[in-house]
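*Asks:* Sharing a model that was predicted from the sequence below.
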Amino acid sequence: MKRCTQCNTAKPFGDFQRRAASKDGLQPRCKECVAAYCRDRRKAHIDRIRAVERAYYEEHKEELKVRRADYFQQYAQEHLPEAAERQRRYRKKNKERVYASLKKYRAANPDKVRRWSRKAARRQREKLGAVYVRMLICDGSPLTHADIPQEMVETKRAQLQLRRWLRDNEGSNNNEGTPRTGA
Ligand SMILES: [Zn+2]
């Protein structure tokens, strides 16, 4: 038996780790006490690290926020095309199911959907999105959106861009027609 210098308990030799430098070849403290000591050390260490991290965070909060936003944006930009493509494939494959759930959602949230589609229409008009441009082409004609080839959309868009530019820079009085659903 050997008495631990820490907990002052007499324990069998097997409860002490070996230590070549000691006279009896064993650690002065029992395994249990050594383990507890290590645990405490680690905990104190971690608390200190966390405190430093917290202080750093508080001091750099705003800049970290910006950096995180940048990172997120970059990530989104890199992954958006494939995500959109995945979504498009899913919608194509599950047309009926998607349509049914959309219909259900629309019935349950009429105000939300109205606000949304108004916003989407505004965005389409601002950005001269394909849906908006197709709508302008079809307006007052028997054509439907599906009849409009992509090149025609691009030509029309270029024309609209030019007109907008003229309107903004030379004050020419122009509107793009009377879109049926423009907000
Ligand atoms: Zn002990």
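*Replies:* That came in fine, so what should we check first?
*Asks:* Helices of the protein, residue ranges please.
*Replies:* For the chain, the helices defined by DSSP state H occupy 31-93, 95-108, 110-127, 130-138, 150-170.
*Asks:* Export the ones you listed as a markdown table, with columns for distance to Gly25 and mean neighbour count.
*Replies:* Placement of C-beta: from N, CA and C, glycine included. Listed next are the helices of the chain as a markdown table, based on distance: least, CB to CB, whole Å; neighbours: other CB atoms under 10 Å:
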| stretch | distance to Gly25 | mean neighbour count |
| --- | --- | --- |
| helix 31-93 | 15 | 11 |
| helix 95-108 | 74 | 11 |
| helix 110-127 | 77 | 13 |
| helix 130-138 | 83 | 20 |
| helix 150-170 | 85 | 13 |
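*Asks:* can you tell which of those is closest to the ion?
*Replies:* For the ion, the closest of the helices of the chain is helix 31-93, at 3.3 Å, according to CB to the ion.
*Asks:* Give the other helices and strands that the closest one contacts.
*Replies:* Judged by 3 or more CB pairs under 8 Å, 6 or more residues apart in numbering; DSSP states H and E, the packing partners of helix 31-93 are strand 16-18.
*Asks:* The strand it packs on pairs with which strands?
*Replies:* Using DSSP bridges, the strands paired with strand 16-18 are strand 26-30 (antiparallel).
*Asks:* Now the partner strand: buried residues?
*Replies:* Residues of strand 26-30 classed as buried by neighbour count (16 or more other CB atoms under 10 Å): 26-27, 29-30.
*Asks:* near the ion too, which of these?
*Replies:* Cys30 (CB under 5 Å from the ion).
*Asks:* okay, the buried residues of strand 26-30 in TSV with pLDDT next?
*Replies:* TSV is the format used below for the buried residues of strand 26-30 (pLDDT from 0 to 100):
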residue	pLDDT
Leu26	95
Gln27	95
Arg29	96
Cys30	97
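*Asks:* Closest one to the ion out of the buried residues of strand 26-30, please.
*Replies:* Distances from the ion to those, taken by CB to the ion, are shortest for Cys30, at 3.4 Å.
*Asks:* For the closest residue to that closest one other than its chain neighbours, give me phi and psi.
*Replies:* Ranked by CB to CB, 6 or more residues apart in numbering and with sequence neighbours excluded, the top spatial neighbour of Cys30 is Cys4, at 3.9 Å. Reported as degrees, to the nearest 10, the phi and psi values for Cys4 are phi -70, psi 130.
*Asks:* what would the helices of the chain look like in a markdown table with mean pLDDT and distance to the ion?
*Replies:* Shown next, in a markdown table, are the helices of the chain (pLDDT from 0 to 100; distance: least, CB to the ion, whole Å):
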| stretch | mean pLDDT | distance to the ion |
| --- | --- | --- |
| helix 31-93 | 90 | 3 |
| helix 95-108 | 93 | 65 |
| helix 110-127 | 93 | 66 |
| helix 130-138 | 92 | 76 |
| helix 150-170 | 91 | 80 |
